[in-house]
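[1] Got a predicted model here, sequence first, then my questions.
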Amino acid sequence: MTARGHQNNSINDKLDVLLIGAGFTGLYQLYQLRKRGYRVHLIDAGKDVGGIWHWNCYPGARVDSHYQIYQYSMPELWQEYEWKEAYPDWAQMQDYFYFVDKKLSLSKDITFNTRVQSAEWDEAAREWTVRCVGHQPVKARFVIANLGFGAKPFTPKFEGIDRFKGEFYHTGLWPQEGVKLAGKRVAVIGTGASGVQVAQEAALDAATVTVFQRTPNLALQMQQKQLTPEDNATERPNLPAAFERRGQCFGGFDFDFVPQNAVDVTEEQRNETYEKLWNAGGFRFWLGNFQDTVFDQESNDHAYAFWRRKVHARVKDPKVAEKLAPAKAPHPFGTKRPSLEQWYYEIFNQDNVKLVDMKETPILHFTERGIVTAEGEMEFDVVAVATGFDAVTGGLTSVDFRSTDGQNFKQKWANGVRTHLGVATQGFPNLLFGYGPQSPCGFCNGPTSAEYQGNLLVDLMDYMRAQNITRIEAEPEAQETWRDLIAGFWATTLFPLANSWYTGVNIPGKVVESLNFPLGLPTYLAKVKESADNGYAGFKLD
Ligand code: N01
């Protein structure tokens, strides 16, 4: 994989559709809309295609979905591409995006290195004027923002951070040229998916690794596998069925929950199922577990106890094991996104790896040389800040999109997110979003959502074109119905008991609510179909 240079295509004509974001979602729409004859162009702040896989290049960054379903379903792509690992790393993902770009000739219709700053709606002309850094304003009838859920990295305000003389990087803004960790004293702050991966990788050759954990990650075994060309060839005939299955499963994977309650089977049956799921690896112990796991505390306790036993068996020091997998669960299992790990727990058996429990010994402040806790100063060469994102809404609230009543998304959603079907908000006509707030987003495998939601958006464009409709806006009542559906369901689950980016609680001052559509992809698709079959009910079209 080599870095590529792009000419900075400029946009001179009025567009039918301006897409923002060159990840799985935006690229799919570019391909589909162009094929259907729309004047469409895409803008991205990054230097190249890939979206989150362009930015997420920290050591150890790796996909948490197996490759079979973490790719596009277009035959010209999957019939040819060779995967090297069952759970590909960021470098392979970048390579995959370059392959997709080449096969589908996408980047000729993309302007890179261009961050969208603001956009205003012209009611008379029925079009958006979109302003970007380094480009003349762009006019488009429709804008589709495909900004992903991790567009806005979050760094807490650690005291004295400006004094620190070492290297300091947020995992979501990791330098593209890489950072050498070998032989260095590395701190990792945060133990979400990013923190677990970077800690695990750093422990291979860093001089020391200090992991600052506030909440243990209930991480699951990845069961990584290297793939030969023969493995790829053997698996290819199975891919169409796996792609098809994605639309039928809660999380857009090719497996679903066990249609049984954990509390309704014997202990022996339960453990047999757990063991099978565990050994199959990936998210199966989460999204393929008993159907009552995230609804029923007793069922959840069984899953947690099984998971805890597995972790304790791998960590030699019982005190450290207890910090990583405490007797009292930090939150119900599965209500905060588990990570996939390969040798994460074993790193704590190494002499050069230390776990700091931030609940007992929080970071007091930074110094020139490192970090001070109640136990004293620790010196570091590199600090990897893996503290997550202003997730799901952060992309939209960072751009100054102005509604018909002059508000931006931050103001509009000051009392909580409101959308219809997770694709549009009242007051922002002709502005649609993919993989956005109140869509399956955070609960859905990315490429699955890119295609299924992409099809919804493309079909909607086709419908409007066929009916000569030039304006679409979400209806306020439909937004309230959508919001109530989400909130009502959320309250029946154990999810509200966890502090996670699923609810926005990780960002100071953010409204705490379910930011994603939590009823699963099949229910989402049924709701979309219901609206489409009724002339896109819930939208005002004219
Ligand atoms: O972020 P996170 P992430 N002081 O928000 C801690 C996707 N993803 O970047 O749990 C100290 O999950 C925070 O602690 P706590 C994936 O969907 C995918 O890891 O709030 N610590 C937590 O440990 C994932 O879920 C992949 O107590 C602080 C961590 O920082 C999502 O992105 C790879 C703190 C943040 O965890 C986000 O993952 C990477 C503070 N002030 C990411 N503030 C793959 O598929 C926060 N923390 C491979």
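    On my side now, so go ahead. Numbers count the residues shown, from 1 in each chain.

[2] quick one, what contacts the closest residue to the ligand within the stretch 301-450 of the chain?
    Distance from the ligand to each residue of the stretch 301-450 of the chain (Cβ to the nearest ligand atom) is smallest for Gly388, at 2.5 Å. C-beta here means a position set from N, CA and C on the backbone, and glycine is covered the same way. Neighbour list for Gly388: Pro153, Phe154, Gly190, Gly192, Ser194, Trp501, Asn506 [criterion: Cβ atoms under 8 Å, 6 or more residues apart in numbering].

[3] make it 7 Å
    Contacts for Gly388 (Cβ atoms under 7 Å, 6 or more residues apart in numbering) come out as Phe154, Gly190, Gly192, Trp501, Asn506.

[4] near the ligand, from the residues you listed?
    Counting by Cβ under 6 Å from any ligand atom, Gly190, Gly192, Trp501, Asn506 from the contacts of Gly388 sit close to the ligand.

[5] count of neighbours near the first one?
    Meaning Gly190. For Gly190, the neighbour count with other Cβ atoms under 10 Å is 26.

[6] Next: the second one.
    If you count neighbours by other Cβ under 10 Å, Gly192 ends up with 23.

[7] OK, contacts around it?
    Asn217, Ser339, Ala386, Gly388.

[8] do you know how far it is from Pro330?
    Applying Cβ to Cβ, to the nearest Å, the value for Gly192 to Pro330 is 13 Å.

[9] Just the ones in strands from the ones next to the ligand among the contacts of Gly388, please.
    Assignment to strands by DSSP state E places none of these there.

[10] Take those and lay them out in JSON lines including pLDDT.
    Converted to JSON lines, those look like this (pLDDT from 0 to 100):
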{"residue": "Gly190", "pLDDT": "98"}
{"residue": "Gly192", "pLDDT": "98"}
{"residue": "Trp501", "pLDDT": "98"}
{"residue": "Asn506", "pLDDT": "97"}
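
[11] What is the most widely separated pair among those residues?
    Greatest spatial distance among the ones next to the ligand among the contacts of Gly388 (Cβ to Cβ): Gly190 and Trp501, at 11.4 Å.

[12] Now do the contacts for Ala303.
    Contacts for Ala303 (Cβ under 7 Å, 6+ apart) come out as Ala262, Asn289, Thr293, Phe333.

[13] again, 8 Å this time
    By Cβ under 8 Å, 6+ apart, the residues touching Ala303 are Ala262, Tyr274, Phe285, Asn289, Phe290, Thr293, Phe333, Gly334.

[14] Confirm Lys139 sits in a helix?
    No: Lys139 is assigned strand when assessed by DSSP: H, G, I helix; E, B strand; the rest coil, not a helix.

[15] so it touches Thr129, yeah?
    Yes: the pair Lys139 / Thr129 is scored as a contact, 5.6 Å apart, by Cβ atoms under 8 Å.

[16] picking up where we left off before, could you export the contacts of Gly192 as TSV, including pLDDT, secondary structure and distance to Glu230?
    Converted to TSV, the contacts of Gly192 look like this (pLDDT from 0 to 100; DSSP: H, G, I helix; E, B strand; the rest coil; distance: Cβ to Cβ, whole Å):
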residue	pLDDT	secondary structure	distance to Glu230
Asn217	98	coil	35
Ser339	97	coil	30
Ala386	98	coil	37
Gly388	98	coil	39
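
[17] buried ones in the longest helix seen in the chain?
    Counting by DSSP state H, the longest helix found in the chain is helix 446-466. The neighbour-count check on helix 446-466 (16 or more other Cβ atoms under 10 Å) flags 446-458, 460-461, 464 as buried.

[18] same deal with stretch 515-529?
    In stretch 515-529, counting by 16+ other Cβ under 10 Å, buried: Leu515, Asn516, Phe517, Pro518, Leu519, Gly520, Leu521, Tyr524, Leu525, Lys527, Val528.

[19] CA-only coordinates of it, as CSV, when you get a sec.
    This file holds the C-alpha atoms of stretch 515-529, laid out as CSV (Å, rounded to 0.1, in the frame of the first residue of the first chain):
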residue,chain,number,x,y,z
LEU,A,515,-28.3,8.2,19.6
ASN,A,516,-28.9,5.2,17.4
PHE,A,517,-31.9,3.2,16.3
PRO,A,518,-31.8,0.3,18.7
LEU,A,519,-34.5,-2.0,17.3
GLY,A,520,-32.2,-3.6,14.8
LEU,A,521,-31.7,-3.4,11.1
PRO,A,522,-34.7,-5.6,10.0
THR,A,523,-37.1,-3.4,11.9
TYR,A,524,-35.5,-0.3,10.5
LEU,A,525,-35.9,-1.6,7.0
ALA,A,526,-39.5,-2.5,7.6
LYS,A,527,-40.2,1.1,8.8
VAL,A,528,-38.4,2.5,5.8
LYS,A,529,-40.5,0.3,3.5
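
[20] touching the ligand at all, that stretch?
    No: taking Cβ under 6 Å from any ligand atom as the criterion, stretch 515-529 and the ligand are apart, separated by no less than 10.5 Å.
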